[in-house]
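Q: output the structure for:
(4 chains, ligands or ions: 2)
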Amino acid sequence: MSNDVAVLGVGMHPWGKWGRSFVEYGVIAAQAALADAGVEWNDVEFIVGGETVRNGYGGYVAGSTFARALGWNGSRVATCYAACASGSAAIEAARTRILAGLCDVALVVGADTTPKGFLAPNIGERWDDPDWLRFRLVGATNPTYFGLYARRRMDLYGSTTADFAAVKVKNALHGLHNDNARYRKQVTLEEVEASAVVADPLRLLDICATSDGAAAVVLTSMRFARQRALDPVRIRAVSTVTPRFPNTALDMPDIATDSAVAVSPPAMSFRASIAHAAYEEAGIGPEELSLAEVYDLSTALELDWYEDIGLCEAGGAEQLLRDGATSMGGKVPVNPSGGLACFGEAVPAQAIAQVCEVTWQLRGAAGPRQVEGARVGITVNQGLFGHGSAVLLSK
Amino acid sequence: MSNDVAVLGVGMHPWGKWGRSFVEYGVIAAQAALADAGVEWNDVEFIVGGETVRNGYGGYVAGSTFARALGWNGSRVATCYAACASGSAAIEAARTRILAGLCDVALVVGADTTPKGFLAPNIGERWDDPDWLRFRLVGATNPTYFGLYARRRMDLYGSTTADFAAVKVKNALHGLHNDNARYRKQVTLEEVEASAVVADPLRLLDICATSDGAAAVVLTSMRFARQRALDPVRIRAVSTVTPRFPNTALDMPDIATDSAVAVSPPAMSFRASIAHAAYEEAGIGPEELSLAEVYDLSTALELDWYEDIGLCEAGGAEQLLRDGATSMGGKVPVNPSGGLACFGEAVPAQAIAQVCEVTWQLRGAAGPRQVEGARVGITVNQGLFGHGSAVLLSK
Amino acid sequence: MSQQIMPAIEGWFTIGEEPALVGQRCTKCGTIVFPPVATFCTNPSCSSREFSSVPLSRTGTVWSCTDAHYQPPPPFIPTTDPFEPFAIAAVELEAERLVVLGQVATGFGPGDLKVGSSVELVLEPLEVRDDTQYVVWKWRPTSEASGS
Amino acid sequence: MSQQIMPAIEGWFTIGEEPALVGQRCTKCGTIVFPPVATFCTNPSCSSREFSSVPLSRTGTVWSCTDAHYQPPPPFIPTTDPFEPFAIAAVELEAERLVVLGQVATGFGPGDLKVGSSVELVLEPLEVRDDTQYVVWKWRPTSEASGS
Ligand SMILES: [Zn+2]
Ligand SMILES: [Zn+2]
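A: Ligands and ions are numbered 1, 2, ... in the order given. Coordinates of the predicted model:
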């Protein structure tokens, strides 16, 4: 119990393409989370921002940018960057400060605006920057990597493009009534398979878009939370592990993997180690999960996650999907929010949005997309350059 | 005692203009700190990088960049940005994780390379970015702000340019035998006053340069440290406070201050509140200080810090300086390392380098620049956009 | 050849006979914000998003001043070639209780100002582009000050 | 008109008769690193900074493959106008026990490859600049594969 913190408030700015500033989205999400928690901004002792690297200097110092927009209140501040895992890194900064006994009330905010089309590196020649070189020498975009993972599943495990499409169909259905989602429209298998191929075998509707959006959570000590809520949702563990050498799976944005010629690969892949570290820290296993929010950058990647969070053995994800185990009403609904399929990624906000969704589910307040009897939920994602994250929550 | 962590190891890469990658500097500093601590890289459970925003994607994810260069070891990772306070923000992330009981051994690394001339904003038009607009509309560089602060001291407190020059002379003398300093050369009052005016009343030798450099610290739980060191140097408090509204002192890079028309200014200025929060957290006052490392972006700014860390009342700094109280052998030597005057700023490394210096001093291991009987030391700095930091250390 | 005159940045100041900076006043708590780009009130105890537009005082007193002896990097736009040093002042507006930075009017140096001396707002050209002259606010010493 | 041939990036591969990627081998623990830009050994249990340069296997087996149906953004350099899709493969080198990404040779698509199929390294033009043709490594299907 001593390693728990409470999620006292959650809030979001709806995902979309709004054309306004990330600061505005972030403040609106923050105010929603504060109102949900019943906490005043002036009572916040620590504010953490998930950094956005595409919005000028204000994005580099997101924590202080939000603090200023809310009105300087003298709180302590931090800004965390960890690519797609930035949101959980920010949550972890807040959680550890509370667990250290240095504050009772922390606010975590992530917000982003996104460019059109592919995520591309900043301009300029940078011959020592792997994220630049992969575009220059190979023409490898983010979907390239998603395509590689998808094709590997097909050749190793017999996945079909219909399986991938079925993930999209499921998530579209899940997100249908989620007011914070950008896409709220049923999608059919036929529509997925009629969409243009982007990176064989993946089509446009297999790959998540990029969106404007924001999410925020108010984390507090359990002592503080118990004065305000009978049974607050708790964060039981956060994982922010890096890979172990040699990492022999090709990770975005690398051109090559580590070599296993001198040292044998670790027993567990990097992606599997992400959730594992959270389970271990909390003493909770995957068999206790009621639901999961996983980072479905592509439909096929969602299937990889089933295995990596321990829902099944390697190669078992397709069967789980086909059996409906990960659909609403199944044993462990995955992405009840609709996932990235319905949101589109807003980098520093997305991992926080996952925690918002699990919190609503564990409160029993998810409305039409409520997972019945939800008691334990996990969020996972992976970012560039060895950033994995998982947040394990329970009632 | 329960809020203390140990600084078990410190290490630096010498400051200079070396023309190599920030990653190389950082790893060399990290290896030095690990060796100093007697800890293997594989024993590190948490690595935190101070972010550099001018070195491509690798700089945005500095923590994982260093982890990878040292060899993926599965540790948890974070990357912190807080402008000039980034190094202390990284230290704070490591300290809180240890205090939370989530790890025993953490490595904090900051490294940078720097451009020629003034620090300038990234290219492109950004009409909503205050750091861009101050250059466009006013032509206000960083030295502009240093000049404003210096001129205000002169008009309010009767400081002279000779006082400012005397700070440079003192710090040059302090850093004369510091192998990690970039400038190790005595400087005379005449030399300062013969150097070109940059921003009236400040001259070239009043203003710190920008450098390549790196610094690292190994922080551990007290329990872990006591198994290895009889009397380890301890971090007693870290401050990462933001301003309180209305902040009526013009801070870089703003074009205007808050208005005090609706709410009266707080009793304490932002800069004074930085150290104050650290004193309060540790229950230690400025009268206990043996030495201080302050962020002397300009000579005049060092005088501001004397007052803001509580060495004297407002307007008293010049007398303290003239009396030799802040020189080696005085009551509270300030910048025994030589300060930024001898180093030149390496943004995410500088605050960590300050902690390295205080650690060496408290160990009695500072050699020719040892402050006799040093028992308590503080580091302070201030970064753009409301980032202040202070680290309070003792034996 | 007639040139159109436009502010170098839209909405920050007016360019009529009596040019003035333009601030936002929170309709709830009265806090004034400059530059007028706030979406939310900057007072942490006020979460209003409603502002009215208000002209700021055209005169103020020097909070401090300095100058620039080296040409700033882009996006600074040099107005002379070769570069000539220019002065910069941070000016306190009494009624609004805030400080605004700006260049000092051409012909005046930091020696013409000291903390507490009086200045008034004037407009000077920043750049000419597409037959339009873009102007920016500057602070001109009044009362005891004289051209250098 | 004779064109000089140069690698698109220096030191990553040789361009002779039998072109090969170039790795670094740690002289202490034997770990191989590609791209050959490491300053420190990537093995966390080894802090060596000494490497010897070694050519990597010119053949390997497909770890996975895909293609690009939309033109990637800069710094990608398009070689055809209009853009034509190209295939990309991640290839496992058995001796070195690592995977290297690269485009698939012109004329082959993802349908010509599957996980485990054999490929060999070839060079193809990336761009021509200043009378120099810059080449880049690509993976060409061998054995059972055929042009599409
Ligand atoms: Zn207000
Ligand atoms: Zn080695």
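Q: in chain C, which residue sits closest to ligand 2?
A: Closest residue of chain C to ligand 2, C-beta to the ion: C:Pro73 (42.6 Å). For every residue, glycine as well, the C-beta is placed using N, CA and C.
Q: now for that residue, how many residues are close by?
A: Residues within reach of C:Pro73, counting by other C-beta atoms under 10 Å in any protein chain shown, total 15.
Q: repeat that for A:Glu24.
A: So A:Glu24, with other C-beta under 10 Å, has 19 neighbours.
Q: then A:Asp179?
A: Residues near A:Asp179, counting by other C-beta under 10 Å, number 8.
Q: spatially, which residue comes closest to it, not counting chain neighbours?
A: With sequence-adjacent residues excluded and distances taken as C-beta to C-beta, 6 or more residues apart in numbering or on different chains, A:Asp179 is closest to A:Pro14, at 6.5 Å.
Q: would you map the helices across the stretch 101-250 of chain A?
A: A:130-133, A:142-157, A:161-174, A:189-194, A:222-226 (DSSP state H, counting those that start in this stretch).
Q: and the residue of chain C closest to ligand 2, how close does it get to chain D?
A: Here the criterion is C-beta to the nearest C-beta, to the nearest Å. By it, C:Pro73 lies 24 Å from chain D.
Q: confirm that that residue sits in a strand.
A: No - assignment of C:Pro73 by DSSP: H, G, I helix; E, B strand; the rest coil gives coil, placing it outside any strand.
Q: wait, C:Pro19 sits on C:Gly102?
A: No - C:Pro19 is beyond contact range of C:Gly102, at 11.8 Å (criterion: C-beta atoms under 8 Å).
Q: tell me which stretches of chain C form strands.
A: C:4-7, C:22-26, C:32-33, C:51-55, C:59-68, C:86-93, C:98-104, C:118-129, C:132-141 (DSSP state E).
Q: can I get those strands in TSV including mean pLDDT and mean neighbour count?
A: As requested, the strands of chain C are exported to TSV (pLDDT from 0 to 100; neighbours: other C-beta atoms under 10 Å in any protein chain shown):
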stretch	mean pLDDT	mean neighbour count
strand C:4-7	94	14
strand C:22-26	98	22
strand C:32-33	98	24
strand C:51-55	97	14
strand C:59-68	98	24
strand C:86-93	98	26
strand C:98-104	98	26
strand C:118-129	95	17
strand C:132-141	97	21
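Q: make TSV from those and add distance to chain D to it.
A: Shown next, in TSV, are the strands of chain C (distance: least, C-beta to the nearest C-beta, whole Å):
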stretch	distance to chain D
strand C:4-7	33
strand C:22-26	38
strand C:32-33	38
strand C:51-55	39
strand C:59-68	35
strand C:86-93	38
strand C:98-104	37
strand C:118-129	27
strand C:132-141	31
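Q: as CSV, those with distance to ligand 2 would be great.
A: Conversion of those to CSV gives the following (distance: least, C-beta to the ion, whole Å):
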stretch, distance to ligand 2
strand C:4-7, 61
strand C:22-26, 60
strand C:32-33, 57
strand C:51-55, 62
strand C:59-68, 51
strand C:86-93, 55
strand C:98-104, 54
strand C:118-129, 57
strand C:132-141, 58
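Q: make JSON lines out of these and add distance to A:Val198.
A: Output for those, formatted as JSON lines (distance: least, C-beta to C-beta, whole Å):
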{"stretch": "strand C:4-7", "distance to A:Val198": "44"}
{"stretch": "strand C:22-26", "distance to A:Val198": "45"}
{"stretch": "strand C:32-33", "distance to A:Val198": "45"}
{"stretch": "strand C:51-55", "distance to A:Val198": "45"}
{"stretch": "strand C:59-68", "distance to A:Val198": "51"}
{"stretch": "strand C:86-93", "distance to A:Val198": "52"}
{"stretch": "strand C:98-104", "distance to A:Val198": "49"}
{"stretch": "strand C:118-129", "distance to A:Val198": "41"}
{"stretch": "strand C:132-141", "distance to A:Val198": "44"}
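Q: spit out the contact partners of whichever residue of the stretch 51-200 of chain A sits closest to ligand 2.
A: The minimum distance from the stretch 51-200 of chain A to ligand 2, using C-beta to the ion, falls at A:Pro130 (20.3 Å). Residues near A:Pro130 by C-beta atoms under 8 Å, 6 or more residues apart in numbering or on different chains: A:253-255, B:57-58.
Q: of all the residues you listed, which comes closest to D:Ile9?
A: Of all the contacts of A:Pro130, A:Ile255 has the smallest distance to D:Ile9: 10.2 Å, by C-beta to C-beta.
Q: mind checking how far the nearest residue in space to the closest one that is not next to it in sequence is from D:Ala87?
A: Using C-beta to C-beta, 6+ apart and skipping residues adjacent in sequence, the residue nearest A:Ile255 is D:Leu101, 4.9 Å away. Going from D:Leu101 to D:Ala87 by C-beta to C-beta, to the nearest Å gives 12 Å.
Q: need the helices of the stretch 101-250 of chain A in a markdown table (columns: mean pLDDT).
A: Formatted as a markdown table, these follow (pLDDT from 0 to 100):
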| stretch | mean pLDDT |
| --- | --- |
| helix A:130-133 | 86 |
| helix A:142-157 | 97 |
| helix A:161-174 | 98 |
| helix A:189-194 | 98 |
| helix A:222-226 | 96 |
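Q: find residues that contact each of C:Pro19 and C:Gly102.
A: Shared contacts of C:Pro19 and C:Gly102, counting by C-beta under 8 Å, 6+ apart, come down to C:121, C:137.
Q: just the closest of the contacts of A:Pro130 to D:Ser117, please.
A: A:Ile255 (20.4 Å).
Q: ok, which stretches of chain A are strands?
A: A:5-16, A:46-50, A:76-80, A:105-112, A:197-199, A:202-203, A:212-220, A:233-239, A:291-294, A:376-383, A:387-394.
Q: only alpha carbons, please: show the first one as CSV.
A: Output for strand A:5-16, consisting of C-alpha atoms alone and laid out as CSV, is shown next (Å, rounded to 0.1, in the frame of the first residue of the first chain):
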residue,chain,number,x,y,z
VAL,A,5,-0.7,7.0,-5.2
ALA,A,6,-4.2,8.1,-6.0
VAL,A,7,-5.5,9.3,-9.3
LEU,A,8,-7.9,11.8,-7.8
GLY,A,9,-8.7,13.6,-11.0
VAL,A,10,-8.6,13.1,-14.7
GLY,A,11,-9.4,15.4,-17.6
MET,A,12,-8.9,15.7,-21.3
HIS,A,13,-9.3,18.1,-24.2
PRO,A,14,-10.9,16.2,-27.1
TRP,A,15,-8.6,14.9,-29.8
GLY,A,16,-8.9,16.4,-33.2
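Q: and the closest residue to chain C within the stretch 251-395 of chain A, how far is that from A:Tyr25?
A: Closest approach between the stretch 251-395 of chain A and chain C, counting by C-beta to the nearest C-beta: A:Ala349, at 17.6 Å. Here A:Ala349 is placed at a distance of 8 Å from A:Tyr25 (C-beta to C-beta).
Q: now do A:Ser195
A: 28 Å.
Q: low-confidence stretches in the stretch 1-150 of chain A?
A: A:1, A:115-120, A:122 (pLDDT under 70).
Q: which residue packs closest to the closest residue to ligand 1 within it, ignoring adjacent ones?
A: When distances are taken as C-beta to the ion, the stretch 1-150 of chain A reaches nearest to ligand 1 at A:Gly71, 8.4 Å away. Distance criterion C-beta to C-beta, 6+ apart; nearest residue to A:Gly71, sequence neighbours excluded, is C:Pro44 at 3.0 Å.
Q: hmm, B:Phe245 and that neighbour touching each other?
A: Yes - the pair C:Pro44 and B:Phe245 passes the contact test of C-beta under 8 Å, sitting 5.2 Å apart.
Q: those two: which has the busier surroundings?
A: The residue with more neighbours, out of C:Pro44 and B:Phe245, is B:Phe245; 27 against 22, by other C-beta under 10 Å.
Q: I am finished for the moment; much appreciated.
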